[in-house]
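>>> After the sequence you'll find the predicted model.
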Amino acid sequence: MVAVCPGSFDPVTYGHLDVIARARDLFGQVVVAVGRNSAKNSLFALEERVRLVESATAGWDGVRVAPLEGLLADFCARVGAGVVVKGLRFGSDFDYELQMAHINSAIGHIETVLLPAGPRWGTLSSTMVREVARNGGDVSGFVPPEAAERVRMVQAKEES
C-alpha cells in the first residue's frame, strides 16, 4: 500500500524523518508530499524543501518525494495512495489533524493514520528550528546535515 506523508518540511527535521521511516515500515511505500502552508512564513522555497527532503531520504527504499500542489486528496489519487500518515506531538495537533482527516475522507475517500511522535522528537517542530536559527543557535541536532548548513547560510545572508 502507498501512504502519503504531507507537510511543509521547512526545514525537514529528524522528527519528520522518524514519522516517514515508521510510515514506510507500516505501509511499504511512502510518498513525501512537500507543500506550501500559506499560514507560515517559509524559510525555503518549495523546490529547495523538496530537494532537502530528497537528500535526507536518499537511499531509503520505498520512499520518494514530490511537490504538493492543490488538494491533498487529489495528490493521493494521482500517486495511488489510500492513506495519509501524519505525526502528532500534542493535543492541538490532534484537533487540527482530525478536521483534516474528515475533510480528506469526505472529498477523496482517503483514510488518515495519526502516529504519535517518537519520544526523542516529540517537542520538535520546524517553527522551533527556525526560531533557534534566527537567534543564532545551532540547529544541527534537530535537522539533517544538509538542512543545517542551508539554515545557517540563509540566516547568515539575512543578517548581512
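Sure, I can see it. Numbering: from 1, shown residues only.
>>> just checking, what packs against the helix or strand of the chain with the lowest mean pLDDT?
Taking mean pLDDT, DSSP states H and E as the measure, the helix or strand of the chain with the lowest value is helix 145-159, at a mean of 86. Identification of packing neighbours for helix 145-159 by 3 or more CB pairs under 8 Å, 6 or more residues apart in numbering; DSSP states H and E yields helix 46-56, helix 126-134. (C-beta placed from N, C-alpha, C; glycine too.)
>>> Quick check: buried residues in stretch 110-124?
Residues of stretch 110-124 classed as buried: 110, 112, 117, 121, 124 (neighbour count, 16 or more other CB atoms under 10 Å).
>>> what bridges to the second one?
The residues paired with residue 112 through beta bridges, assigned by DSSP bridges, are residue 84.
>>> got the residue ranges for the strands in this structure?
Taking DSSP state E as the test, the strands found in the chain are 2-7, 29-35, 63-68, 83-88, 111-116.
>>> Kindly state the beta-bridge partners for the nearest residue to residue 54 once chain neighbours are set aside.
By the measure of CB to CB, 6 or more residues apart in numbering, the closest residue to residue 54 outside its immediate chain neighbours is residue 65, 4.7 Å from it. Applying DSSP bridges to residue 65 gives these bridge partners: residue 32.
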